[in-house]
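Student: Curious how this folds, go ahead:
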Amino acid sequence: MNRTDIPAPGRDFTGEEIRSFVGDLESLRSGELTVSLLVGCGERAIEPLREYLLHGDPRGIFQPRQRAVEALAQLGAKEVLFEYLSQKRHIPDFEVRFGEEAVENTAARCLGEWRTDEVYDFLKNFAQRRMLPGAIEALGKFERVDAVDMFIRALGDDVCRPSADEALSRIAGKVKPALVRAALPQTEEGEEKPSERRRRRAVLKILSELSFSLEEWNELRLLLNDQDKDIALIAARIAVDSAPLEEKQVAARFLIHSLARAHWFAQIQIHECLHRNYDHLRQLIAEELAARRLLVRGEPFADQVLRILASIQSSEEKVGPRERGDHGKQEHPTG
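Tutor: Take a look at the predicted model:
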């Protein structure tokens, strides 16, 4: 169907015409317009779309089947999407399987627009069987704490991690104890799988955005010595924000000594952490700055660590603590 062939709206189309519109979803030129046309046909378009989605052959070019899902969602046919996602398929061809997963992800995301117990229970059961990012993303929109274990498990999956991270960030304050437990090693040192380490690292990044009491910090303290250096760095940032003064300064020194080897985003996070805790770290930063100046040969500010420390000191010393205010994340006094 070309643009010039698009039927005028407002007509009562025959069943044969509606089926031909479903076939027009295959068109690269007018497929998107056909979705609107089918939605305009109302409930009569549901059964032809269902037939196309459930009994049509998956292919590497998956956009037409995605369009069918979108049309069904706009028509309110969530039962058809339930039926589609409940199908068991064996697709040996990788390209075709990859394409059909894109369609399944679209169906799961569309279901997430219905915020009902029925949809939530379906998506949760589905995600327990198959970990797809679309299902995790849709579940995250419900912001229910009873899905926390599933979200934490999904953090270990490279494909699902972004969706799980977003879902957990929405409810992190409500599920902090579960996140703290998940951040701790579950196996003996040296036995941890890479996926488990990635999961702990992702959990700790979420936790680093929260505030901690001294009691909560006590549970995380052992992570300062974690064999994973990224985990140890995040734990040190939490310590600088939340630990007692002596530990705060030890952790800050560790962060400063890690600056040269840290990647650029970690350097920004360390900079911000030291900056917001400067009142507690003024003397330490001055000492580390002086020591770094003695080590650096050549142009001093060619050294990145020296630039960061000098920038913190310069910007903070221009204002006093009273003007600076309390811009840390502490929930308790330290010292």
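Student: So if we follow the domain assignment, how does the chain break up?
Tutor: Following automatic domain parsing, one gets these domains for the chain: 1-111, 114-183+194-203.
Student: Show me where this protein dips below the pLDDT cut-off.
Tutor: For the chain, the stretches flagged by pLDDT under 70 are 1-11, 28, 189-190, 300, 318-335.
Student: On the three-state scheme, residue 114 is what?
Tutor: Here residue 114 is coil, with the state taken from DSSP: H, G, I helix; E, B strand; the rest coil.
Student: could you measure the residue nearest to it when sequence neighbours are not counted against residue 65, distance?
Tutor: In this structure, residue 114 finds its nearest non-sequential neighbour in residue 78, 5.7 Å apart by C-beta to C-beta, 6 or more residues apart in numbering. No exception for glycine: its C-beta is placed from N, CA and C like everyone else's. Residue 78 sits 17 Å away from residue 65, going by C-beta to C-beta, to the nearest Å.
Student: Tell me the helices and strands packed up against whichever strand or helix holds residue 201.
Tutor: Per DSSP states H and E, residue 201 falls inside helix 194-207. Helices and strands touching helix 194-207, by 3 or more C-beta pairs under 8 Å, 6 or more residues apart in numbering; DSSP states H and E, are helix 148-154, helix 161-171, helix 176-183, helix 229-242.
Student: Try it again at 6 Å.
Tutor: helix 176-183, helix 229-242 (3 or more C-beta pairs under 6 Å, 6 or more residues apart in numbering; DSSP states H and E).
Student: Now do the last one and helix 194-207, the angle between them.
Tutor: If you take axes from the mean of the first three to the mean of the last three C-alpha atoms, to 10 degrees, helix 229-242 sits at 20 degrees to helix 194-207.
Student: which parts of helix 229-242 are buried?
Tutor: By 16 or more other C-beta atoms under 10 Å, the buried positions in helix 229-242 come out as 230-242.
Student: Repeat that for the shortest one.
Tutor: Neighbour counts using 16+ other C-beta under 10 Å place 176, 178-180, 182-183 of helix 176-183 among the buried residues.
Student: picking that back up, just checking, next helix/strand downstream of the helix holding residue 201?
Tutor: Helix 194-207 is succeeded, C-terminally, by helix 214-220 (DSSP H and E).
Student: so residue 138 is in which element?
Tutor: helix 133-140.
Student: how deep is residue 314 tucked in, by neighbour count?
Tutor: Residues lying near residue 314 (other C-beta atoms under 10 Å) number 9.
Student: measure it to residue 306 for me?
Tutor: Residue 314 is 12 Å from residue 306, by C-beta to C-beta.
Student: go on, residue 50?
Tutor: Going from residue 50 to residue 306 by C-beta to C-beta gives 66 Å.
Student: And for residue 234?
Tutor: 24 Å.
Student: For residue 110, pull up the helix or strand it's in.
Tutor: Under DSSP H and E, the secondary-structure element containing residue 110 is helix 94-111.
Student: buried sites along whichever helix or strand comes after that helix?
Tutor: Tracing the chain C-terminally past helix 94-111 and defining elements by DSSP H and E, one meets helix 117-129 next. Buried residues in helix 117-129, defined by neighbour count with 16+ other C-beta under 10 Å: 119-120, 122-124, 126-127.
Student: In those residues, find the pair that's most separated.
Tutor: Spatial extent of the buried residues of helix 117-129 (C-beta to C-beta) is set by the pair 119 and 127 at 12.3 Å.
Student: Can you check which residues contact both of these two?
Tutor: The overlap between the contact sets of residue 119 and residue 127 (C-beta atoms under 6 Å, 6 or more residues apart in numbering) is empty.
Student: What's the local residue count around residue 252?
Tutor: Counted with other C-beta under 10 Å, residue 252 comes out at 25.
Student: what does the one 4 residues further on give?
Tutor: Applying other C-beta under 10 Å, we find 24 residues neighbouring residue 256.
Student: now do residue 106
Tutor: Residues lying near residue 106 (other C-beta under 10 Å) number 21.
Student: What distance do you get for it to residue 144?
Tutor: From residue 106 to residue 144 the distance is 22 Å (C-beta to C-beta).
Student: for residue 304, same thing?
Tutor: 44 Å.
Student: for residue 198, same thing?
Tutor: Per C-beta to C-beta, residue 198 is found 24 Å from residue 144.
Student: what's the angle between the helix or strand encompassing residue 267 and helix 194-207?
Tutor: For residue 267, the host element (DSSP H and E) is helix 264-276. Orientation check (the same axes, to 10 degrees): helix 264-276 against helix 194-207 gives 30 degrees.
Student: Pull the distance from helix 264-276 to the chain's centre.
Tutor: Centroid separation for helix 264-276 versus its chain: 21 Å, with C-alpha atoms, centre = their mean, to the nearest Å.
Student: and if you look at stretch 264-284?
Tutor: The chain centroid and the centroid of stretch 264-284 are separated by 25 Å under C-alpha atoms, centre = their mean.
Student: Please apply the same query to stretch 247-254.
Tutor: With C-alpha atoms, centre = their mean, you get 29 Å for stretch 247-254.
Student: With only the CA atoms kept, save that stretch in PDB.
Tutor: The C-alpha coordinates for stretch 247-254 follow below in PDB (Å, rounded to 0.1, in the frame of the first residue of the first chain):
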ATOM      1  CA  GLU A 247      37.300   5.600  58.700                       C
ATOM      2  CA  LYS A 248      36.200   8.500  56.500                       C
ATOM      3  CA  GLN A 249      39.700   9.800  56.300                       C
ATOM      4  CA  VAL A 250      41.200   6.400  55.600                       C
ATOM      5  CA  ALA A 251      38.700   5.800  52.800                       C
ATOM      6  CA  ALA A 252      39.400   9.300  51.400                       C
ATOM      7  CA  ARG A 253      43.100   8.600  51.300                       C
ATOM      8  CA  PHE A 254      42.400   5.400  49.400                       C
END
